[in-house]
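**Q** Just need the structure, nothing else, for what follows:
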Amino acid sequence: MMLIINYCKDGKAYSDFAILSDKFKEELIYLANKSREILLDISTENFILALRLLIVEDKIKPEQVIFKFKNDLFNVDEYGIFEKWPRGFIDWKSEYHRKIIKAQNIKRKRELNIKSMLDEFQCIKSDKLVCNDCGLCWFNKY
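**A** Numbering: from 1, shown residues only. Okay, the predicted model is just below:
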């Protein structure tokens, strides 16, 4: 009849490897076709992705599944697209991507600054950097 998928921090986490198994897919299809409502507390995005794929593949009907996040209830259509996307719902990955890109940019900027400083002082004389402009030891300039 219906699967209610509650995405919550205390929900069950599923292994990527378990999600990919045929047995797991068969169990989901079986649960979706039960004659009663079944509530599953889930904490991993991979479960939701697998369920959406089964909907797109026409193995589960979209009307057999309701998603719950906090106080919001929502569905997906036959293409696995959510009718709405509440803030915080399976968005941890995009938050990590944002943080990774920000850290990469900071690291690249730091490396470019160091490289430009070293380019300015290319010559090495007795293990000390020498200024290209005046030829004096860079360490003695300051």
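**Q** which regions of the chain lie under the pLDDT threshold?
**A** Residues of the chain meeting the criterion pLDDT under 70: 1, 115-142.
**Q** how does it look with 90?
**A** 1-3, 6, 8-22, 24-25, 27-28, 31-36, 43-46, 71, 84-103, 105-142 (pLDDT under 90).
**Q** What's the separation between residue 32 and residue 51?
**A** 8 Å (Cβ to Cβ, to the nearest Å). Yep, even glycine has a C-beta here, placed from its N, CA and C like the rest.
**Q** and the residue nearest the centre of the chain, helix, strand or coil?
**A** The centroid of the chain falls nearest to residue 93 when counting by Cα atoms, centre = their mean (1.7 Å). Three-state call for residue 93 (DSSP: H, G, I helix; E, B strand; the rest coil): helix.
**Q** I'd guessed it sits against residue 48; true?
**A** No - Residue 93 lies out of contact with residue 48 (Cβ atoms under 8 Å); the separation is 11.7 Å.
**Q** Next SSE downstream of the longest strand belonging to the chain?
**A** Ranked by number of residues, the top strand in the chain under DSSP state E is strand 2-12. For strand 2-12, the succeeding helix or strand toward the C-terminus, using DSSP states H and E, is helix 16-19.
**Q** buried ones in the next helix or strand after that next one?
**A** Next along the chain after helix 16-19, taking DSSP H and E as the criterion, comes helix 22-32. Of the residues in helix 22-32, 24, 25, 28, 31, 32 count as buried by neighbour count, 16 or more other Cβ atoms under 10 Å.
**Q** With stretch 71-78 instead?
**A** Buried residues in stretch 71-78, counted by 16+ other Cβ under 10 Å: residue 76.
**Q** Now do the end-to-end distance for it.
**A** In stretch 71-78, first residue to last residue: 23 Å (Cα to Cα, to the nearest Å).
**Q** Show me the contact partners of that stretch.
**A** Here stretch 71-78 makes contact (Cβ atoms under 8 Å, 6 or more residues apart in numbering) with 52, 55-56, 58, 62-63, 65-67, 82-84, 86, 89.
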